[in-house]
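>>> 3D model of this:
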Amino acid sequence: MPDPERQLSPEVVERLVKRPPSRPGETVGGLRFTRGIDSGNSRVWICHPESEPGAGIVVKQFNRTTKTTGQPSAAEREFRILRSLEEQLRRLPTLHVPHAILYLGDHGAIVTREVTGDRADSFLVQRFRRFPLSVRASAFREAERLCVTIGEWLRGFHAVDRLDLTDLGERVLEQRLTERYEAAERRIPERGLSLQEHLPVIRAYFTRSIPRCGNAPTVLHHPDLSPQNMIRAPDGLYVLDLSEVGYGHPLEDAAFFWAYLETLKLSPLTDRRRVTRCQTAFLYAATGEADLPPFWQRWGMFMRLSYLTRSREQAGKLRGMQLLRRNMVRRNLKDWLISQPWERE
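Numbering: from 1, shown residues only. The predicted structure follows:
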């Protein structure tokens, strides 16, 4: 397999981030620019060395380059997390994170090896559709296998030793859950969602329920464990976007992915029975249990709604059918949350 690291140097990457290419095909220091992504929080350039066809690198520059005193920058943090996780996941040969190559502290950038394959969200959505009937059985088996693999990745992730990052801190779990709930509640009004009249009863439910979860052991936590951040590659499953990894409850990540699948069931185009079977297969692989407690179902759906609109939409990068689909999913999520018996335990 071609190795893009052999001709890569910090000087070449510095040239790229100082004067980013604007058109596919442009060359910077022997790197041919393929495409770019601006998420609002970071800019990404995907490039291929001219002398190594097929071998790509990903340059990711964070918009937040300043450090809090004594704490790593966002770029340094993700670089260190990737290096540590890659080493500790070696015992699981089909479960991966991107290989970290370079860290450029002065530019708030990291370089990783490109991961190619099927993005998990597109892969699952296509295989959960009701039609065409001729491919439903085989497609469902593929989707179920992927959900099991995601559950296995999560179990392996939770088994990883503590990461050497001082900013992860050791705050008590109850405090972490409370902070995450409050941040999610603040995001929802910003998105223009008409949940305001229901928030008092939702807030009361989480306020009285969170302390009951505070005695669980903490594990590594990926705050956005959704299929948009997963690649199904020939050598296994890769999970991306690890800059915000922290510590959390053992069921937080499982609840977030469960909520993604539950959201698919709210679409009339989806085979709900088969998605339910995949939820069960995922949960069993991730947690050893076949179902998710009601608290964590509601937590996952609330967090899913709060995360659904991110900086891409704020920057006007979602338009047309993309924005229409996003609004439809939001409405379905909101209706699901409103229908819950929040006043009951």
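>>> can we go C-alpha only for contacts and neighbour counts from here?
OK.
>>> now do the contacts for Pro223.
Pro223 makes contact with Glu244, Val245, Gly246, Asp253 under the criterion Cα atoms under 8 Å, 6 or more residues apart in numbering.
>>> quick one: which of those is most hemmed in?
Within the contacts of Pro223, neighbour counts (other Cα atoms under 10 Å) peak at Asp253, which reaches 25 neighbours.
>>> that residue reaches His222, doesn't it?
Yes: between Asp253 and His222 there is a contact under Cα atoms under 8 Å: 6.4 Å.
>>> re the thing from before, tell me the one of the contacts of Pro223 nearest Ser22?
Glu244 (28.2 Å; Cα to Cα).
>>> measure that closest one to His158 for me?
15 Å (Cα to Cα, to the nearest Å).
>>> before we move on, back to that, in strands only, show me the contacts of Pro223.
Gly246 (DSSP state E).
>>> dump the contacts of Pro223 to JSON lines, plus distance to Arg23.
Below are the contacts of Pro223 laid out as JSON lines (distance: Cα to Cα, whole Å):
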{"residue": "Glu244", "distance to Arg23": "30"}
{"residue": "Val245", "distance to Arg23": "33"}
{"residue": "Gly246", "distance to Arg23": "36"}
{"residue": "Asp253", "distance to Arg23": "37"}
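>>> ramachandran angles for Asp235?
For Asp235, the backbone dihedrals (degrees, to the nearest 10) come out as phi -100, psi 10.
>>> so it sits against Thr94, correct?
Yes: assessed by Cα under 8 Å, Asp235 is found in contact with Thr94 at 6.0 Å.
>>> same drill for the two, tell me which one is more crowded.
Thr94 (16 against 11).
>>> just checking, next helix/strand downstream of the helix or strand of the chain at the bottom of the mean pLDDT ranking?
Between all helices and strands in the chain, the lowest mean by mean pLDDT, DSSP states H and E belongs to helix 311-314, at a mean of 48. Per DSSP states H and E, helix 311-314 leads on to helix 320-338 as the next helix or strand towards the C-terminus.
>>> which neighbouring elements make contact with that next one?
Packing contacts for helix 320-338, counted by 3 or more Cα pairs under 8 Å, 6 or more residues apart in numbering; DSSP states H and E, involve helix 252-265, helix 294-308.
>>> nearest to Thr218, out of the ones you listed?
When the helices and strands packed on helix 320-338 are compared (using Cα to Cα), the closest one is helix 252-265, at 10.3 Å.
>>> pull the residues that contact the lengthiest helix in the chain.
For the chain, the longest helix by residue count, based on DSSP state H, is helix 136-158. When contacts are defined by Cα under 8 Å, 6+ apart, helix 136-158 is touched by residues 89, 92, 95, 123-124, 127-130, 219-221, 237, 250, 253-254, 274, 277-279, 281-287.
>>> what does stretch 11-29 give?
Arg32, Phe33, Thr34, Arg35, Val59, Gln61, Leu104, His107.
>>> that one - what's its average pLDDT?
For stretch 11-29, mean pLDDT rounds to 82.
>>> also stretch 89-101?
92.
>>> how about stretch 154-165?
84.
>>> any weak-confidence spans in the stretch 101-250 of the chain?
Along the stretch 101-250 of the chain, the model assigns pLDDT under 70 to residues 131-136, 164-171, 189-194.
>>> quick one: the strands in it?
Taking DSSP state E, counting those that start in this stretch as the criterion, the stretch 101-250 of the chain carries its strands at 109-113, 118-119, 219-221, 230-233, 236-239, 246-248.
>>> redo these as a markdown table? Include distance to Thr270.
Shown next, in a markdown table, are the strands of the stretch 101-250 of the chain (distance: least, Cα to Cα, whole Å):
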| stretch | distance to Thr270 |
| --- | --- |
| strand 109-113 | 35 |
| strand 118-119 | 18 |
| strand 219-221 | 29 |
| strand 230-233 | 21 |
| strand 236-239 | 24 |
| strand 246-248 | 31 |
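>>> tell me which of those strands lies nearest to Ile46.
The nearest among the strands of the stretch 101-250 of the chain, by Cα to Cα, is strand 109-113 at 9.5 Å.
>>> what is the closest one packed up against?
For strand 109-113, the packing partners by 3+ Cα pairs under 8 Å, 6+ apart come out as strand 57-62, helix 74-88, strand 100-104.
>>> for it, which residues meet the burial criterion?
Ala109, Ile110, Val111, Thr112, Arg113 (16 or more other Cα atoms under 10 Å).
>>> which strand or helix spans the closest residue to Thr280 other than its chain neighbours?
Distance criterion Cα to Cα, 6 or more residues apart in numbering; nearest residue to Thr280, sequence neighbours excluded, is Ala290 at 5.1 Å. Here Ala290 sits in a region with no helix or strand, counting by DSSP H and E.
>>> what about Ala290, neighbour count?
When neighbours are defined as other Cα under 10 Å, Ala290 has 14 of them.
>>> hmm, it is touching Thr276, no?
No: in this structure, Ala290 is not within contact of Thr276 by Cα under 8 Å, at 10.6 Å.
>>> state the pLDDT value of Gly40.
pLDDT at Gly40 comes out at 71.
>>> for Val172, give me its contacts.
Contacts of Val172 (Cα under 8 Å, 6+ apart): Gly214.
>>> one more pass at 7 Å, please.
With Cα atoms under 7 Å, 6 or more residues apart in numbering as the criterion, no residue contacts Val172.
>>> separation between Glu252 and Ile231?
For Glu252, the distance to Ile231 - Cα to Cα - is 21 Å.
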